[in-house]
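K.L.:
With the input below, show me the fold.
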Amino acid sequence: MNRDIRIGLIGLGNRGISLLEEIILPQKVCVAAVCDMYEDRRENAAKLITDAGQGEPLKTDDYKTILEMPEIDAVMITAAWETHIPIACEAMKAGKYAGFEVGGAYSLDDCWKLVHVYESTRVPCMMMENCCYGRNELMVLNMVRQGLFGQVVHCEGGYRHDLREEISTGRERRHYRFRNYLNRNGENYPTHELGPICNVLDIGHGNRMVSLVSVASKSAGLREYMLSRKEEFPDAADLAFAQGDVVNTIITCAHGETIAITLDTTLPRYYSRAFQVQGTKAMYMDDNHSIFMDGKDNADEFEWKKNWDNASAYYEQYDHPVWKAYRKTGIRGAHDGMDWLVFKAFFDAVREKTETPVDVYDSAAMMAVTPLSEQSICAGGMPVGIPDFTNGAWITRERWEPGLMGW
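P.N.:
Numbers count the residues shown, from 1 in each chain. Predicted structure coming up:
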């Protein structure tokens with residue numbers, strides 16, 4: 001497991017650079033090549049790599065150059081959303097493991113292409129869904145699998161994050177979100193909430209998502225934000241954003257469960273992923289970090305506030321084994337330590353030449369929610385079927401596990 005691996009890093013914007021500094025280099029992974037269309041970003045990344053004591057990486061604006069390097073074991077794709085699937089497919093064809101950052105797909109055809117390329121090459125790829133490795137999410141998963149929630153009936157989640165500054169300054173920052181919000185209207189970022197929920201419900205591993213409906217509110221938040229800053233955005237009055245401020249999506253599952261997810265990124269608000277799990281014996285709500293146990297908490301039904309944060313009392317007994325081990329070694333990296341775990345799981349798979357824990361079928365199913373939500377919104381909230389990317393294998397596929405191989 002200690003075999004040295006060499007990767008290429010494709011996409012050197014804010015996310016790519018932060019991962020390089022906080023996760024990839026500290027995990028002692030050799031970055032042999034970097035790629036971005038902007039020279040200043042390439043030079044910045046190269047300096048970070050050499051300052052960390054590694055050799056000078058290859059610098060290129062063409063990712064295919066990296067795929068042609070025989071010494072490269074894997075590529076990490078942290079470029080714009082629309083590049084994730086095309087580059088991942090080319091990487092698999094070149095025999096390189098592909099790890100790509102989260103975001104929705106642009107079409108079902110792209111999702112099917114990802115699956116078909118994997119099935120023809122058998123080279124693994126992994127969407128780097130860090131929220132699958134959150135402490136609270138894994139504790140709840142542990143409790144669900146031990147039967148404490150009974151039958152899980154309904155789950156909720158969201159990407160509720162005020163991104164008005166990031167999106168509105170996208171042209172200056174060279175950020176892809178601006179052009180997406182200007183032209184598209186859908187659930188464009190579904191995987192942070194869906195990843196943990198899919199694990200709880202065994203989606204793709206004994207269960208599957210079968211249909212969805214999506215509706216979008218009007219688009220007002222971004223335009224109003226930019227109009228209030230006319231000196232910064234002189235063309236604000238000419239911009240008409242397609243993306244609704246709030247998108248609600250309801251998903252039904254093969255075994256009768258429902259999932260409700262919300263995109264809410266262009267209005268003022270507190271950050272929340274709104275992870276919620278409801279079963280016949282218990283309920284968990286992330287926003288106030290509380291657990292309601294039937295037969296234990298019923299007397300407090302109308303006095304919920306006094307039990308906010310009571311989920312912390314469950315850590316000692318039900319903290320997931322991954323987090324028990326992680327806390328002993330020291331939590332590292334951003335996003336409360338989740339990034340460190342998801343990247344370690346990917347690099348472990350590359351070293352051992354095993355399948356990635358979030359595999360191509362998991363990735364395709366979650367990413368497909370974006371184009372399907374666009375279709376449903378365009379049709380006034382009509383139900384849309386969700387394809388079975390496993391071709392029936394979901395019935396017998398083994399349950400999801402974190403895939404970490406030691407510390």
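
K.L.:
Run a quick neighbour tally on K306.
P.N.:
Neighbour count of K306, defined by other CB atoms under 10 Å: 7. C-beta here means a position set from N, CA and C on the backbone, and glycine is covered the same way.

K.L.:
er, M382 actually
P.N.:
Using other CB under 10 Å, M382 is surrounded by 11 other residues.

K.L.:
With adjacent residues omitted, what lies nearest to it?
P.N.:
Of all residues not flanking M382 in the chain, S376 sits nearest, at 5.8 Å (CB to CB, 6 or more residues apart in numbering).

K.L.:
Now do the contacts for that neighbour.
P.N.:
Contacts were defined as CB atoms under 8 Å, 6 or more residues apart in numbering; by that measure S376 touches L212, V213, S214, V215, T249, M382, P383, V384.

K.L.:
Which of those residues are buried, as a ChimeraX select command?
P.N.:
ChimeraX command restricting those to the buried ones, with burial defined by 16 or more other CB atoms under 10 Å:
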select :212,213,214,249,384
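
K.L.:
Show me which of the contacts of S376 is closest to E156.
P.N.:
Using CB to CB, T249 comes nearest to E156 of the contacts of S376, at 10.7 Å.

K.L.:
Confirm that the closest one sits in a strand.
P.N.:
Yes: assigned with DSSP: H, G, I helix; E, B strand; the rest coil, T249 falls within a strand.

K.L.:
mind listing what's buried in stretch 139-158?
P.N.:
So, applying 16+ other CB under 10 Å, buried residues of stretch 139-158: 139-144, 148-149, 152, 155-158.

K.L.:
just stretch 181-190 next, same as before
P.N.:
Applying 16+ other CB under 10 Å to stretch 181-190 flags Y181, L182, R184, N185, G186, E187, N188, Y189, P190 as buried.

K.L.:
Narrow those to those in helices?
P.N.:
Y181, L182 (DSSP state H).

K.L.:
Check the buried residues of stretch 181-190 and tell me the two furthest apart.
P.N.:
The widest separation within those (CB to CB) is 19.7 Å, between L182 and P190.

K.L.:
Quick check: end-to-end length of stretch 180-190?
P.N.:
Using CA to CA, to the nearest Å, the end-to-end distance of stretch 180-190 comes out at 15 Å.

K.L.:
List the contacts of it.
P.N.:
The contact list for stretch 180-190 (CB under 8 Å, 6+ apart) reads 81, 102-104, 159, 167, 214, 216, 219, 222, 239-244, 247, 249, 261, 263, 265-266, 366-367, 369-371, 373-374, 377-378.

K.L.:
can you rerun that using 6 Å?
P.N.:
104, 159, 167, 214, 216, 241-244, 247, 249, 261, 263, 369-370, 373-374, 377 (CB atoms under 6 Å, 6 or more residues apart in numbering).

K.L.:
Separate out the buried members of the residues you listed.
P.N.:
If we count by 16+ other CB under 10 Å, the contacts of stretch 180-190 have these buried: 104, 159, 167, 214, 216, 241, 243-244, 247, 249, 261, 263, 369-370, 373-374, 377.
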